[in-house]
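Novice: Whatever this is, show me its structure:
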Amino acid sequence: MAQWQTLSRRIDAVAPSATLAVDSKAKAMKAQGMNVISFGAGEPNFPTPDHIVQAAARACLDPRNHRYTPTAGLPRLKQAIADKTLRDSGYQIDPDQVVVTNGGKQAVYETFQILLNPGDEVIIPAPYWTSYPQMVLLAGGRPVPVLSGADQGYIPSLEQLEAARTERTRAIILNLPANPTGAIWDAGLVAAVDRWAIEHQIWVISDEIYEHLTYQGAHTPYPGALVPQVRDQLIVVNGVAKTYAMTGWRVGWLVAPLPVAQAAAKLQGHMTSNVANVSQQAALAALTGGLEDVEAMRSAFALRRRAIVDALNAMEGVTCPEPLGAFYAFADVTGLLNRPVGPQGTVCATSGELAEVILEQIQVAAVPGEAFGAPGCLRFSYALADDDLAEGMRRLGAWVSA
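Specialist: Numbering: from 1, shown residues only. So this is what the prediction gives:
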């Protein structure tokens, strides 16, 4: 590439999405005829509920949906999101505080673009969703990971968060239930973080995309409900992708104080304008149609969660804390590193190498912990068919014990 063709330092500094990379490689191997079982992508294997699909089909035939909508979203959908916030989170918002985005990812990206100036720091509890640090970098900020291991249930203490705070700290992002660990923080800790953020004038970004996927009586703690005073510095990001098996429809949103919501709409007006109308109509049907289908999916995930955690913990050298939410098992595999494993006696120094080896040798795809700021771990999504889950765990267990 010629000198004048070089790309920006900004994009060169950003790593590709590791989860999408694993999923792409697994799909490419499947296309070659290999029987790959992928625990990579966080995508429910269920179809989108029929009443949502039917609403979208009707919307396709309505010429009103062939045109632009307001950048911030259809008014009826914004009202539905406000109603859903009251129903689930327990507090009232104005529809004008809502901006409908092209998936939850865009909501997170816009939030950092709006909040951060060059050098501003964002505290990111780790293990974290792989895109958070990259989005901070793209906004000119500095990600500050705070790692808590399996021995802490992947939940940090307030003291750890305070130790990471500096005069440049601008925000902290919470993801509860968490990707990749499935951890849910105690409500008391979330409330303490709220009060700490208020004291130090730190924005709280609450990613609640997995809010309805909880198990064993656990509940999602909502920062805005626990400490109402934090709402003036709280930005909630969410979407229909995980709850309603709608990953491909690309509808998310952010809820923020009015000046932030207005700034997000201004930014989005120069990026993508409105979300596709048909997808917005589908999201409207999802949010106003009850949670019965969601409960059926959640019940299936609960059974898979138990099966995968038991299978992983039965493998010598593997430890997997029990996730109380989302649909991921995050296993500590340090006991498999730096020693011969598998029939070929392969020695792996990192979990990244281990993930490559198990994909090549037994056609099982998992995402290495390096992608989540937690080397020595592997993330397994259990949002796949029951038979595939069982076969994938059988292969891995046989490989480890060979």
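Novice: Against which helices or strands is the helix or strand harbouring A296 packed?
Specialist: Per DSSP states H and E: A296 is located in helix 292-313. Contacts defined by 3 or more C-beta pairs under 8 Å, 6 or more residues apart in numbering; DSSP states H and E place helix 292-313 against strand 328-332, helix 386-401. The C-beta positions use only the backbone N, C-alpha and C, and glycine is treated the same way.
Novice: what stretches of the chain score poorly on pLDDT?
Specialist: Scanning the chain for pLDDT under 70 picks out 1.
Novice: let's go with 80 and repeat that
Specialist: Scanning the chain for pLDDT under 80 picks out 1-4, 15-23.
Novice: Where do the strands of it begin and end?
Specialist: Along the chain, counting by DSSP state E, strands occupy 37-38, 98-101, 121-126, 142-147, 169-175, 203-207, 234-239, 252-255, 328-332, 340-341, 346-347, 364-365, 367-368, 377-381.
Novice: okay, the ones you listed in TSV with distance to S8 and mean neighbour count next?
Specialist: Output for the strands of the chain, formatted as TSV (distance: least, C-beta to C-beta, whole Å; neighbours: other C-beta atoms under 10 Å):
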stretch	distance to S8	mean neighbour count
strand 37-38	33	24
strand 98-101	24	28
strand 121-126	21	25
strand 142-147	18	18
strand 169-175	23	23
strand 203-207	25	25
strand 234-239	26	26
strand 252-255	26	28
strand 328-332	33	26
strand 340-341	41	17
strand 346-347	39	16
strand 364-365	32	24
strand 367-368	27	26
strand 377-381	30	28
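Novice: Any chance of those strands in a markdown table with distance to M315 as columns?
Specialist: Output for the strands of the chain, formatted as a markdown table (distance: least, C-beta to C-beta, whole Å):
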| stretch | distance to M315 |
| --- | --- |
| strand 37-38 | 16 |
| strand 98-101 | 40 |
| strand 121-126 | 24 |
| strand 142-147 | 23 |
| strand 169-175 | 27 |
| strand 203-207 | 31 |
| strand 234-239 | 34 |
| strand 252-255 | 36 |
| strand 328-332 | 8 |
| strand 340-341 | 10 |
| strand 346-347 | 16 |
| strand 364-365 | 12 |
| strand 367-368 | 17 |
| strand 377-381 | 11 |
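Novice: And those: which comes nearest I358?
Specialist: I358 sits nearest to strand 364-365 of all these, at 5.0 Å, using C-beta to C-beta.
Novice: What helices and strands are in contact with the closest one?
Specialist: helix 18-31, strand 37-38, helix 351-362, helix 386-401.
Novice: just how off-centre is it within its chain?
Specialist: 20 Å (C-alpha atoms, centre = their mean, to the nearest Å).
Novice: what about G103, how many neighbours?
Specialist: 22 (other C-beta atoms under 10 Å).
Novice: mind starting the numbering at 278 from now?
Specialist: Okay, using 278 as the starting number, the last item reads as G380.
Novice: pretty sure A606 is touching G459, no?
Specialist: Yes. Counting by C-beta atoms under 8 Å, A606 does reach G459; the two are 6.9 Å apart.
Novice: Find residues that contact each of these two.
Specialist: 582, 600 (C-beta atoms under 8 Å, 6 or more residues apart in numbering).
Novice: thinking again about what came up before, quick one, the helix holding A573 and strand 605-609 angle?
Specialist: 20 degrees (axes from the mean of the first three to the mean of the last three C-alpha atoms, to 10 degrees).
Novice: quick one: buried residues of helix 569-590?
Specialist: Buried residues in helix 569-590, counting neighbours by 16 or more other C-beta atoms under 10 Å, are found at 570-571, 574-575, 577-579, 581-582, 584-586, 588-589.
Novice: And stretch 459-469, by the same measure?
Specialist: 459-462, 464, 466-469.
Novice: Was I right to think P372 contacts A359?
Specialist: Yes. Look at P372 against A359 with C-beta under 8 Å: they come within range, at 4.7 Å.
Novice: Tell me which of the buried residues of stretch 459-469 fall in helices.
Specialist: If you go by DSSP state H, those have 464, 466-469 in helices.
Novice: ok, which pair from the residues you listed is furthest apart?
Specialist: Most distant of these, by C-beta to C-beta, are A464 and A469, 9.6 Å apart.
Novice: Could you dump the buried residues of stretch 459-469 into CSV and include distance to T325?
Specialist: Converted to CSV, the buried residues of stretch 459-469 look like this (distance: C-beta to C-beta, whole Å):
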residue, distance to T325
G459, 23
A460, 27
I461, 26
W462, 30
A464, 32
L466, 34
V467, 31
A468, 35
A469, 38
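Novice: ok, so of those residues, who is nearest Y431?
Specialist: Looking across those and measuring by C-beta to C-beta, the closest to Y431 is A460, at 4.5 Å.
Novice: pretty sure the closest one contacts E599?
Specialist: No. Counting by C-beta under 8 Å, A460 does not reach E599; the two are 9.6 Å apart.
Novice: How much space separates S315 from I639?
Specialist: Distance from S315 to I639, counting by C-beta to C-beta, to the nearest Å: 12 Å.
Novice: Oops, could you answer that again for D373 instead?
Specialist: As for D373, its distance to I639 is 53 Å (criterion: C-beta to C-beta).
Novice: Looking at these two, which is more packed in?
Specialist: Neighbour totals were compared for D373 and I639, and I639 leads with 19 against 14 (other C-beta under 10 Å).
Novice: Once you drop chain neighbours, what's closest to the more buried one?
Specialist: R672 (4.6 Å; C-beta to C-beta, 6 or more residues apart in numbering).
Novice: again with F607
Specialist: In this structure, F607 finds its nearest non-sequential neighbour in T458, 4.3 Å apart by C-beta to C-beta, 6+ apart.
Novice: quick revisit: quick check, distance from the helix holding A573 to the centre of its chain.
Specialist: 18 Å.
Novice: Now do that helix against strand 654-658, angle only.
Specialist: Per the same axes, to 10 degrees, the angle that helix 569-590 makes with strand 654-658 is 140 degrees.
Novice: List the beta-bridge partners for A606.
Specialist: For A606, the beta-bridge partners are F657 (DSSP bridges).
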